[in-house]
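Trainee: when you get a sec, could you give me coordinates for this:
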Amino acid sequence: MTTTIALVRHGVTDWNRERRFQGHDDVPLNDDGRAQVAELAERLSGERFAAAYASPLRRAAESAEILAARLGLEVRTSSALKEVDVGSWSGLTVVEVQERFPEGFSRWIDWRVVGWDDGERYEDFSRRVLEGLFEIAARHPGEQVLAVTHGGPIRAALAASEGLRLGDPAGRNVALDNCAVVRIAVQDGALERVD
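Mentor: Residues are numbered from 1 along each chain as shown. Coordinates of the predicted model:
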């Protein structure tokens, strides 16, 4: 049976606006982010979801609570939905990373591989995300589920749906606005984008 997972990127934060790497830092939504999520909740209110899952990081968890309140759901957290751990880059702007870690930044930009020397490798991150999505799908065969997460996990799911590794340029270079919704069908151990 096919399970559809509606992957939602959290609402905007001050660090998004400042172009800071957030990683595992627990950054809250700002007022605009809360308003974005409330608008999204209205748009999704006519749909039926069997369950809601969220990354435990505050920006995603708060987004999920706003959505779930409107949709009549309880939120379950899943660490598999957390953003990639960017290690010592966390909290730094793109310019600061470029200045402090020029070699790593160059690797990250030019080769689309991990530039940080600590944190999480893309292969490990992608494996974590995909295992989590398969686990969620196994709990909800044939149903539609909401999963509130971050840009990185959505890119990992999209890359897998296209048969790419997250480290491939096409697997990482996907622009996702805050509150973007990407639907993924999970069936027979494979992911497929459905929207």
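Trainee: tell me which helix or strand of this structure sits lowest on mean pLDDT?
Mentor: helix 169-172 (a mean of 56; mean pLDDT, DSSP states H and E).
Trainee: report the next helix or strand after it in sequence order.
Mentor: strand 181-187 (DSSP states H and E).
Trainee: list the helices and strands that next one packs on?
Mentor: strand 3-9, helix 122-139, helix 151-161, strand 190-193 (3 or more C-beta pairs under 8 Å, 6 or more residues apart in numbering; DSSP states H and E). Bear in mind the C-beta positions are built from the backbone N, C-alpha and C, glycine included.
Trainee: which one of the ones you listed lies nearest to residue 68?
Mentor: Closest approach to residue 68 among those (C-beta to C-beta): strand 3-9, 11.1 Å.
Trainee: okay, the closest residue to residue 144 other than its chain neighbours: pLDDT?
Mentor: In space, residue 144 comes closest to residue 4 once its chain neighbours are excluded; the distance is 4.5 Å by C-beta to C-beta, 6 or more residues apart in numbering. If you check residue 4, the pLDDT there is 98.
Trainee: same question for residue 110.
Mentor: pLDDT, read off for residue 110, is 73.
Trainee: any idea how far it lies from residue 103?
Mentor: Going from residue 110 to residue 103 by C-beta to C-beta, to the nearest Å gives 11 Å.
Trainee: follow-up on the earlier one: surely the residue nearest to residue 144 meets residue 185?
Mentor: Yes - Residue 4 is in contact with residue 185 according to C-beta atoms under 8 Å; the separation is 5.4 Å.
Trainee: higher neighbour count, those two?
Mentor: residue 4 (20 against 17; other C-beta atoms under 10 Å).
Trainee: now do the contacts for that one.
Mentor: Neighbouring residues of residue 4 by C-beta atoms under 8 Å, 6 or more residues apart in numbering: 143-145, 183-186, 194.
Trainee: by neighbour count, which of those wins?
Mentor: residue 186 (24 neighbours).
Trainee: need the pLDDT of the residue nearest to that residue when sequence neighbours are not counted.
Mentor: Of all residues not flanking residue 186 in the chain, residue 137 sits nearest, at 3.7 Å (C-beta to C-beta, 6+ apart). pLDDT for residue 137: 98.
Trainee: ok, so what distance separates residue 137 from residue 193?
Mentor: 14 Å.
Trainee: neighbour count for these two, which is higher?
Mentor: Neighbours were counted for residue 137 and for residue 193 using other C-beta under 10 Å; residue 137 has more, 23 against 14.
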